[in-house]
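Chemist: how would this look folded up:
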Amino acid sequence: MARRSAGTPFLLQLSLLLLLCLGETSGCASVAVGSPVVPLGSAVTASCTIRSDLCRGLERGKVRITWMLDNEPMAGSQHQGAGDTEVSDLILPQFNRTEAKLWCWVEWNGTKQRVGMAEIRAGYPPAKPSNLSCVLNLSDYGLTCQWEPGANSHLLTSVALKCATSRGQAVTGCTPQGSHSRCTVPRRLLHLYRQMEIWVSATNALGTAESEHLFIDPMDVAKLDPPALQSIQSVPFQTDCITLAWEVARSNAHMELQCELRYRLSEDPTWTLVTSIIGQAGTTQRCGFLFGTLYHFQMRCRRSSAQGYWSEWSPSRNYTTHEKAPTGKLDAWWSIQPAGAAGQLEVQLQWKAPRQQEANGQVLGYHVTLSPRRKGRDRPTVCNTTHTQCNFSMPAGTRRVYLSAYNAAGESAATEVVLLERKGQPLAKLWAVPRDDRSLWVRWEAPPALAAAYILEWQQVSSEPRRCSACWQMERDGTATAALIQDGIEPFQRYNISVYPLYTDAVGVPTHTTAYSKQMAPAYAPKLHLTSIGKSYAELCWEPVPVEMQNGFITSYTIFWANSTAEVSSANVNPALSSFVIQELKPSTLYKVHIMASTAAGSTNGTSLTLVTMVLDDIEIQFLFLTLGLIFVLLILLLICFQKKGRVKQQFWPSVPDPANSSLGKWVPAEFQQEPLRVPGTREPGLAAISTVTVLEKAAGKLPSPWGKEPTGEPPSTFPILPQPYVRQEGPGGWAAAQPRQGPTGSGETVQYARVVGDGYKGQQHAPPRLYLRSSSTQPLLDPSPSPKPYENVWFPGPSPHGCLGDGGCPEELPATFPLLQGLRINGAEELHD
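Modeler: Alright, predicted model coming up:
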């Protein structure tokens, strides 16, 4: 049961298709459109009609009609028509397709089927043909016409060339093949020597268009075959003239013709035209040709009525005129230098090859001769060369040379060259501007003195020195203020240009300028190098771009630098400089730096340089290291002083002998040795002073002599006077005040003063110590006997072999006026210094 239900829709669809197919063949459905060809963009109407009585199986009122334009569904309006019909109308307001198919579909019981179709085309009416022209070919006398068809109409268009005589009806002369816009009318439809009317007709479904009508005589538009050049010869007596012979083609033999001749130099693209050559065949003569020059000749003809077309140019014929000796003067330029030999000059002479109109043929060489030393003699030849320069030596007094050119026909008149010195006035001003990529206009202000001519020199500037010997020219017009230079000029290259005024008696001092014929951005920018860097600055340098790679005048260098936070700064640098210092940088910061080179025509960036600024400047680093070094040295010194403190103390504070420790100071009579003397400790080196002075009272008896002899004089006393030590007290001026010790009676004495001065230090053995004694009262210190200040400035020159001080030894016996000093010996006197 399920299988039967599944097969039922398939059977219904199959029966519907069969019925529709049978109904369509018998007029079941029909599609009608307003017009199968419509103007592009216009409205299109269509209707689809279904006749139920002819479409078996379709029930009225249950049929649905739909539309498809190609593959795009369209909505129509469906209604019941007359009788048993269903009608659907469709309106397309704007049909923008050049071609489309409109389908009518029927849908019944869920099944769709195409029942009708109409093809619609859209386009434009044919465009009007233009520029109709015709040419009669005399070889077959067919009239070939061509035209311009105009815009495409997007519709099938038929084109035909129509022609008619004044008495006959229009006929189709020819029809172009394919998409061509030309065709040929056969000879049988033409009426020669009669006027005919010719036009082009274009027709399609939307209309017809015709070109302008052309009224011509076919013979007036005939194109003749080109003539043939037979021979070309030079006229012997008129050496700048030639005679040319030609003949016409056989097809043109019965016509009166008008011909033209043209010729040109082999290296010149410009033709010279000769007109009004009448005749069917013959010769013609022309003058004004250059000698020894290759020419190309061509010729063409047409009917003499001047209403037909010119024939094609004949094949080119070449001819070289005969030669003649060169004429004119040669432009010369020179430079002079002293030669190695005495009385000789080295000359470099250059000249320009003669122009073609002066060479009169092929120049075979040049002669350079010197002026003869004596009249009547031949000029000595110094050069016979095929080049345009010559180096030679000549006597210092010679100032004139002669230059001539020669060819196969002879030698030119000699050009006198006066070798003038370069000491004349220079130009007032000089500058150069480009005319195009390969030429420069050089302009100047004339000098105060009138010049006879000017010499222009130019050299390409390059890193490697090189010289172009041909890069110069002479301007013969002394009143000129401009000249065009073209030889060897290339774009993007710098040229040094010099101009020399030529006077009758001297050559002017040159004036210089530089120029480019065309500029562009430099080929590359310089590479940066880091010279030095600090905490807030970086010094950069670079090699200038080679002049060949600059491609123009460098107007500026621009330095760009940016840190990690993308803070970009820049500075323009004079192009004459090759270094730059970037200031106000942040310490310990990474920067990226690059340079840009600029000309008037553009700029080029260089590669990037990465650098990091320092934490401290060089001065700060030096100060830090210096401080650390000083601290280290001080530490070393302190360590040495700590280890060698004894020696250091001895060096800076030497020990000074104390007189109290001397043998004289410690000596007392034997009977008084039980009383000890208070002796202070050894002091540091310095000014020697007496710390303790012991005064011995004069004894009644004789005291033992330190010199080993008994003194003569008064008898000794039985009871010696006890010594009274005087304790040192420093007073003004380093003097010691000796205070008397209280005796048994408790009475004191007048204060006496003593001073021991050491005038030197250790190592000065020649300086003896000195002892000064001074009394503060009028009384003598020890002896009331008169003495001329016996206690002042008492000298102890040094130790003696007898145990006393001094160089000359000790006396046999001290004078009676010095009882106090008997037995006095200063310990270490040999260590006292002056």
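
Chemist: Show me where this protein has its helices.
Modeler: Per DSSP state H, the chain carries helices over the ranges 2-25, 356-359, 547-550, 618-643, 645-652, 663-666.

Chemist: which phi and psi does residue 150 have?
Modeler: With angles defined as degrees, to the nearest 10, residue 150 sits at phi 90, psi -170.

Chemist: Report the contact partners of it.
Modeler: 126, 127, 128, 129, 130, 202, 209 (C-beta atoms under 8 Å, 6 or more residues apart in numbering). Using the backbone N, CA and C atoms, a C-beta is placed for each residue, glycine as well.

Chemist: Surely the third one is in contact with residue 208?
Modeler: No: with contact taken as C-beta atoms under 8 Å, residue 128 and residue 208 are classed as non-touching, separated by 10.2 Å.

Chemist: anything in contact with each of the two?
Modeler: Shared contacts of residue 128 and residue 208 (C-beta under 8 Å, 6+ apart): residue 202.

Chemist: Looking only at neighbour counts, state which of those two leads.
Modeler: With neighbours defined as other C-beta atoms under 10 Å, residue 128 and residue 208 compare such that residue 128 has more, 15 against 12.

Chemist: what's the closest non-adjacent residue to that one?
Modeler: In this structure, residue 128 finds its nearest non-sequential neighbour in residue 209, 4.6 Å apart by C-beta to C-beta, 6 or more residues apart in numbering.

Chemist: pLDDT wise, what is the residue lying closest to residue 550 once chain neighbours are set aside at?
Modeler: Spatial nearest neighbour of residue 550, chain neighbours left out: residue 522 (5.4 Å); criterion: C-beta to C-beta, 6+ apart. pLDDT recorded at residue 522 is 95.

Chemist: residues near residue 522, how many?
Modeler: Neighbour tally, residue 522, other C-beta under 10 Å: 24.

Chemist: can you check residue 602 too?
Modeler: Using other C-beta under 10 Å, residue 602 has 13 other residues around it.

Chemist: Just give the closest residue to it, not the sequence neighbours.
Modeler: Leaving aside its chain neighbours, residue 602 sits nearest to residue 521 (3.0 Å; criterion: C-beta to C-beta, 6+ apart).

Chemist: count of neighbours near that neighbour?
Modeler: If you count neighbours by other C-beta under 10 Å, residue 521 ends up with 20.

Chemist: what's the answer for residue 639, then?
Modeler: 10.

Chemist: Return the residues in contact with it.
Modeler: Applying C-beta under 8 Å, 6+ apart, no residues qualify as near residue 639.

Chemist: what's near enough to touch the residue nearest to residue 550?
Modeler: 545, 549, 550, 551, 552, 554, 597, 598, 599, 602, 603, 604.

Chemist: Can you name the residues that contact the fourth one?
Modeler: Right, residue 551. Shown in contact with residue 551 (C-beta under 8 Å, 6+ apart): 492, 519, 520, 521, 522, 523, 599, 601.

Chemist: try the third one
Modeler: Applying C-beta under 8 Å, 6+ apart, we find residue 550 in contact with 494, 522, 523, 597, 599.
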